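Asks: Okay, predicted coordinates and the sequence, questions at the end:
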2 protein chains.
Amino acid sequence: MPKKVDHESRRQEISEALWRIASARGLDAASLRDVAAEAGISLGRLQHYFRTKDEMLLFTLRHINRLAEERIRHRIETLAQDLEGPPPPRLVLRECLAGMLPLDEHSRIGTLVGAAYFARAVHDEGLRTESREGIPLLRAFLADQLRQAVERGEVAPDRDPQDEAMLLISLVDGLTAYTLLDVQRPDEALRLLDRHLDRLFSGQG
Amino acid sequence: MPKKVDHESRRQEISEALWRIASARGLDAASLRDVAAEAGISLGRLQHYFRTKDEMLLFTLRHINRLAEERIRHRIETLAQDLEGPPPPRLVLRECLAGMLPLDEHSRIGTLVGAAYFARAVHDEGLRTESREGIPLLRAFLADQLRQAVERGEVAPDRDPQDEAMLLISLVDGLTAYTLLDVQRPDEALRLLDRHLDRLFSGQG
């Protein structure tokens, strides 16, 4: 295996150890030593791949987000095959947003790592940079789908795609938080998301 | 001062030390000893009032929420005086929801402590109980305002007040998170909230 690929796959193995800890008990008490133990390597070896907890957390978050993105893209491609053409914007948006909710074990772990990241990022300028890069990309993708929906007459023309995209992202974030806090069940969160989409796609102003 | 009141005010003083730490650098690394030092008392003295970090965090969160509630109630009462009668539901909802966003230093500190609480509560059944008690009360209050708005013809009758209340709570939670992460400015979060309220109060189905 080429050296670079090897380095990357070692980092992924370590980050999977981190996310097992993060999803089981959070990152508050987790040290680099704990993660090394979970990954079955020495602390020195781990520090060869990650110098700090935050560097490891950021890599882990990116890795999880990439996997989530791949799962969502795969579902949208499957939809396209079933429909024998590009799926309508509402279906694409729904797949994408539902994929961000903690509805199964995969996405639940992702959102738990996200919660650990959030609690640290509010006090860390470096970690916040990640959100400032990732969220605008997601927002632009959703806004583009909304723009297509407006063109198709499915969303009222006076709805601003950029605003509606950020409202959707915020809504899913809040629904995720209250699902993780056991205030509502996962299926209830999905039902509320659908309710919001019903209004957005009513075609009325 | 009676003994009970004294005990309560000592607990408040300690919890204010905790929230200074929580809002400045989060609770990840904060020990009971750190909080005792910030409050200017010994660790033994602190443990007379709080046995664990979580007990202290829960008391602090309740204390902050109570202060936020008082501020919001005061603003709604001022509105009622200015209008010489009960303010319309939309104004009440807007005051309440805007009061939950990190728009000023008070509410910013409250949401930062809330972020620290959230990261711990997702892994702690005892802390989650607090959300399961507090959120339904808030939801019931918002739903009652929405019911009045439906009766006044300001919100379409096919909108379910309970669902719309939970959508509003989730939305504000997400807008708060992305404001704390510097993805958007506080005034942008408020503008998006108003945009959502515009749609809700359009009177259309």
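Replies: Okay, I see it. This one's a predicted model, so the numbers in the text were calculated from it and none came from an experiment.
Asks: elements contacting the lengthiest helix in chain A?
Replies: Longest helix in chain A, counting residues (DSSP state H): helix A:53-83. Judged by 3 or more C-beta pairs under 8 Å, 6 or more residues apart in numbering or on different chains; DSSP states H and E, helix A:53-83 is in contact with helix A:3-25, helix A:32-39, helix A:89-98, helix A:105-121, helix A:125-151. C-betas here are computed from N, CA, C, even on glycine.
Asks: Out of those helices, which is the most enclosed?
Replies: helix A:105-121 (a mean of 22; mean count of other C-beta atoms under 10 Å in any protein chain shown).
Asks: wait, does that one contact chain B?
Replies: Yes. Using C-beta under 8 Å from any C-beta of the partner chain, helix A:105-121 reaches chain B at A:112, A:115-116, A:118-121.
Asks: Also stretch A:142-155?
Replies: No. Using C-beta under 8 Å from any C-beta, stretch A:142-155 stays clear of chain B, coming no nearer than 11.8 Å.
Asks: related to what we said a few turns ago, list the buried residues for the longest helix of chain A?
Replies: Residues of helix A:53-83 classed as buried by neighbour count (16 or more other C-beta atoms under 10 Å in any protein chain shown): A:53, A:56-61, A:63-65, A:68, A:71-72, A:75-76, A:79.
Asks: ok so, going back, let's have the residues of helix A:105-121 next to chain B in JSON lines, adding pLDDT.
Replies: JSON lines is the format used below for the residues of helix A:105-121 next to chain B (pLDDT from 0 to 100):
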{"residue": "A:Leu112", "pLDDT": "88"}
{"residue": "A:Ala115", "pLDDT": "88"}
{"residue": "A:Ala116", "pLDDT": "84"}
{"residue": "A:Phe118", "pLDDT": "89"}
{"residue": "A:Ala119", "pLDDT": "87"}
{"residue": "A:Arg120", "pLDDT": "85"}
{"residue": "A:Ala121", "pLDDT": "89"}
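Asks: Out of the buried residues of helix A:53-83, which comes closest to chain B?
Replies: When the buried residues of helix A:53-83 are compared for distance to chain B (C-beta to the nearest C-beta), A:Lys53 wins out at 9.4 Å.
Asks: Quick one: mean pLDDT over stretch A:133-146.
Replies: Average pLDDT, stretch A:133-146: 93.
Asks: ok now the helix or strand of chain A with the lowest mean pLDDT, how far from the chain's centre?
Replies: Lowest on mean pLDDT, DSSP states H and E among the helices and strands of chain A sits helix A:3-25, with a mean of 85. From the chain centre to the centre of helix A:3-25 is a distance of 17 Å (C-alpha atoms, centre = their mean, to the nearest Å).
Asks: Which elements pack onto it?
Replies: Where contact means 3+ C-beta pairs under 8 Å, 6+ apart, helix A:3-25 is packed against helix A:32-39, helix A:43-49, helix A:53-83, helix A:105-121.
Asks: okay, those helices in CSV with distance to B:Ser15 next?
Replies: Listed next are these as CSV, based on distance: least, C-beta to C-beta, whole Å:
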stretch, distance to B:Ser15
helix A:32-39, 29
helix A:43-49, 36
helix A:53-83, 27
helix A:105-121, 19
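Asks: Which of these sits closest to B:Pro186?
Replies: helix A:105-121 (17.0 Å; C-beta to C-beta).
Asks: Now tell me what touches stretch A:68-85 from outside.
Replies: Stretch A:68-85 is contacted from outside by A:86-87, A:91-92, A:95-96, A:99-100, A:106-107, A:110, using C-beta atoms under 8 Å, 6 or more residues apart in numbering or on different chains.
Asks: run the last query once more with 10 Å
Replies: Stretch A:68-85 is contacted from outside by A:86-88, A:91-92, A:94-100, A:104, A:106-107, A:109-111, A:114, A:138, using C-beta atoms under 10 Å, 6 or more residues apart in numbering or on different chains.
Asks: Let's test this: mean pLDDT of it, rounded?
Replies: 91.
Asks: hang on, the earlier thing: which of the helices and strands packed on helix A:3-25 sits closest to A:Asp160?
Replies: helix A:53-83 (24.1 Å).
Asks: That closest one to helix A:89-98, inter-axis angle?
Replies: Using axes from the mean of the first three to the mean of the last three C-alpha atoms, to 10 degrees, the inter-axis angle of helix A:53-83 relative to helix A:89-98 is 150 degrees.
Asks: so helix A:53-83 versus helix A:105-121, what angle?
Replies: Going by the same axes, to 10 degrees, helix A:53-83 makes 140 degrees with helix A:105-121.
Asks: Distance from the chain centre to helix A:53-83, please.
Replies: With C-alpha atoms, centre = their mean, you get 7 Å for helix A:53-83.
Asks: now do stretch A:73-88
Replies: Per C-alpha atoms, centre = their mean, the centroid offset for stretch A:73-88 relative to its chain is 20 Å.
Asks: What of stretch A:33-44?
Replies: Counting by C-alpha atoms, centre = their mean, stretch A:33-44 comes out at 26 Å from the chain centroid.
Asks: Much appreciated, bye for now.
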